[in-house]
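S.K.: Fold the following and give me the result.
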Amino acid sequence: MLEKFFKLSENKTDVKTEVMAGVTTFMTMAYILAVNPNILSASGMDANAVLIATALASFAGTLLMALLANYPFALAPGMGLNAYFAYTVVLGMGYSWQIALLAVFVEGIIFIILSLTNVREAIFNAIPMTLKSAVSVGIGLFIAFIGLQNSKLVVNNDSTLVAFQTFKGELFNSVGIGALLTIIGVIITAMLLIKNVKGGILFGIIITWVLGVICELTGIYIPNPDAGMYSVIPSGIVSFDFSALGNTFGQVFKADFSGVRIFDFIVIMFSFLFVDLFDTLGTLIGVSSKADMLDKDGKLPRIKGALLADAIATSVGAVLGTSTTTTYVESASGVTEGGRTGLTAIVTGLLFLLAVIFSPLFLAIPSFATAPALIIVGFYMMGSVAKIDFEDMTDAIPAFLCILAMPLLYSISEGISFGVISWTVINLISGKAKEKKISALMYVLTILFILKYIFL
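M.R.: I've put the predicted structure just below:
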């Protein structure tokens, strides 16, 4: 049945590979179960309710991706979008979290309409193959940088903005040990992959986590919540208390519009819309390119189903009580493990559902254990740089700007924006518009991106 539904042989994979890939994707994404409640609770939302909503929205979105598109991509509330929700819309602009949820819900409805009318698919197809390769590389650097930050190997620095972790001082037994375990985890994962161990990335996560547990039991690692370093030993195995979800479920329909200016609401909604649109497209481009899922014309088969799953998940997540649910770049970890079909997504989705019950166990997975996986996946995605023609400056420079922007501006959508604007403008000014066959949609996207920087 699995073979017939997911077309495993046709996609050159098997059940064992798909299951391993699904577990790996979940393990690299599990941090969202801890991070999202922490961020959204700043807006006044109940943290336990957000945790349950996060798990259920991730399950629903990932299941839809498997059933509607048969792709190994997983979905969860997006990082960056959740921060915009809490710190900009609620704390900065002073709106209630119910109003912010309504903006997310409306955004999802608009996306459903756009997905059914081929608008999002047309945008995906309009982006030239050179930029698609650049997006894959940029995402690789971006998620590797996230791994370095999550492990605290890279830290804030007033003079250079970022700096390497110092292994001295009072934080050595918390932050320092975590950073060292990340380095050890990268080496272990690399050796497993060099030895062609199936599931090497997943085993790298588990081994690093076990080393962390040993370090905590022996007193080498000391949890320090103030420094963002928590116990890696699970406080329990299961929890059957789901009553907290009532604090957020359906609250999107109880938003109080008194004192809300319609123009401000539209700006908020379109901000969510814009970032979600190009974050999703960027992730689909990058991960599918890495998995060689794009056809000879650079198009992604069954993309309509993938985009529709993403759109529905956004509205469902808002009803449950979480910020925008979107396709995750960490899906690349499962793809790297060989995941090629919706069976990978099914496994990831079911683990998110189980996380509602086994939340104490999953929340104990430390960021320094998942960071090596993100760093290694970043290495894998760098391979797409070979597809960029660096002899053609009109292709190479926009590709470089696209790659550069993603990690340094901490945004997939900004990288796409830089790439699209520079590719169109450079080719237009250099007189290669006809040769490169710049589509009308690329001109429209360029104008929209420029207007975004002026007005948003």
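
S.K.: From now on I want contacts and neighbour counts done on CA atoms only, so please keep to that.
M.R.: Noted.

S.K.: mind checking the longest helix of this structure?
M.R.: Counting residues, the longest helix in the chain under DSSP state H turns out to be helix 262-290.

S.K.: So which elements touch that helix?
M.R.: Using 3 or more Cα pairs under 8 Å, 6 or more residues apart in numbering; DSSP states H and E as the contact criterion, the neighbours of helix 262-290 among helices and strands are helix 81-83, helix 97-116, helix 119-126, helix 129-150, strand 325-327, helix 331-336, helix 412-429.

S.K.: from what I can see F272 touches E107, true?
M.R.: Yes - between F272 and E107 there is a contact under Cα atoms under 8 Å: 6.9 Å.

S.K.: Give me the more crowded residue out of the two.
M.R.: E107 (26 against 23; other Cα atoms under 10 Å).

S.K.: mind listing what the more buried one touches?
M.R.: With contact taken as Cα atoms under 8 Å, 6 or more residues apart in numbering, E107 is in contact with 269-270, 272-273, 314-315.

S.K.: give the contact list for K132.
M.R.: With contact set as Cα under 8 Å, 6+ apart, K132 has these partners: 285-286, 289, 298.

S.K.: Pick out the most distant pair among those residues.
M.R.: G286 and G298 (11.5 Å; Cα to Cα).

S.K.: So which of those two has more stuff around it?
M.R.: It is G286, of G286 and G298, that has more neighbours when counted by other Cα under 10 Å, with 27 against 21.

S.K.: For the helix or strand bottoming out on mean pLDDT in the chain, output the C-alpha coordinates as CSV.
M.R.: For the chain, using mean pLDDT, DSSP states H and E, the weakest element among its helices and strands is helix 359-362, scoring a mean of 76. As requested, C-alpha coordinates have been extracted for helix 359-362 and formatted as CSV (Å, rounded to 0.1, in the frame of the first residue of the first chain):
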residue,chain,number,x,y,z
SER,A,359,6.4,16.8,25.1
PRO,A,360,8.6,16.5,28.2
LEU,A,361,10.9,14.0,26.3
PHE,A,362,11.1,16.0,23.0
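
S.K.: Need the pLDDT of A318.
M.R.: As predicted, A318 sits at a pLDDT of 96.

S.K.: Could you double-check that it sits in contact with V252?
M.R.: Yes - A318 is within contact range of V252, at 6.7 Å (criterion: Cα under 8 Å).

S.K.: Run through the neighbouring helices and strands of whichever helix or strand comes after the longest helix of the chain.
M.R.: Once helix 262-290 ends, the next helix or strand along the chain (criterion: DSSP states H and E) is helix 303-320. Contacts of helix 303-320 with other secondary structure elements, assessed using 3+ Cα pairs under 8 Å, 6+ apart, are made with helix 47-69, helix 97-116, helix 119-126, strand 325-327.

S.K.: For helix 303-320, C-alpha coordinates in PDB please.
M.R.: What follows is the C-alpha trace of helix 303-320 in PDB, where atoms were taken according to Å, rounded to 0.1, in the frame of the first residue of the first chain:
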ATOM      1  CA  ILE A 303       4.000  22.300  -6.700                       C
ATOM      2  CA  LYS A 304       0.300  23.400  -6.500                       C
ATOM      3  CA  GLY A 305      -0.400  20.700  -3.900                       C
ATOM      4  CA  ALA A 306       2.700  21.800  -1.900                       C
ATOM      5  CA  LEU A 307       1.700  25.400  -1.900                       C
ATOM      6  CA  LEU A 308      -1.900  24.600  -1.100                       C
ATOM      7  CA  ALA A 309      -0.800  22.500   1.900                       C
ATOM      8  CA  ASP A 310       1.300  25.400   3.100                       C
ATOM      9  CA  ALA A 311      -1.600  27.800   2.700                       C
ATOM     10  CA  ILE A 312      -4.200  25.700   4.500                       C
ATOM     11  CA  ALA A 313      -1.700  25.000   7.300                       C
ATOM     12  CA  THR A 314      -1.300  28.700   7.900                       C
ATOM     13  CA  SER A 315      -5.100  29.200   8.500                       C
ATOM     14  CA  VAL A 316      -5.400  26.000  10.600                       C
ATOM     15  CA  GLY A 317      -2.500  27.100  12.700                       C
ATOM     16  CA  ALA A 318      -4.100  30.500  13.400                       C
ATOM     17  CA  VAL A 319      -7.300  28.800  14.500                       C
ATOM     18  CA  LEU A 320      -5.300  26.500  16.800                       C
END
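
S.K.: could you check the angle helix 47-69 makes with that helix?
M.R.: 160 degrees (axes from the mean of the first three to the mean of the last three Cα atoms, to 10 degrees).

S.K.: quick revisit: so for A318 and V252, which residues contact both of them?
M.R.: Residues within reach of A318 and of V252 at once, by Cα under 8 Å, 6+ apart, are 101-102, 105.
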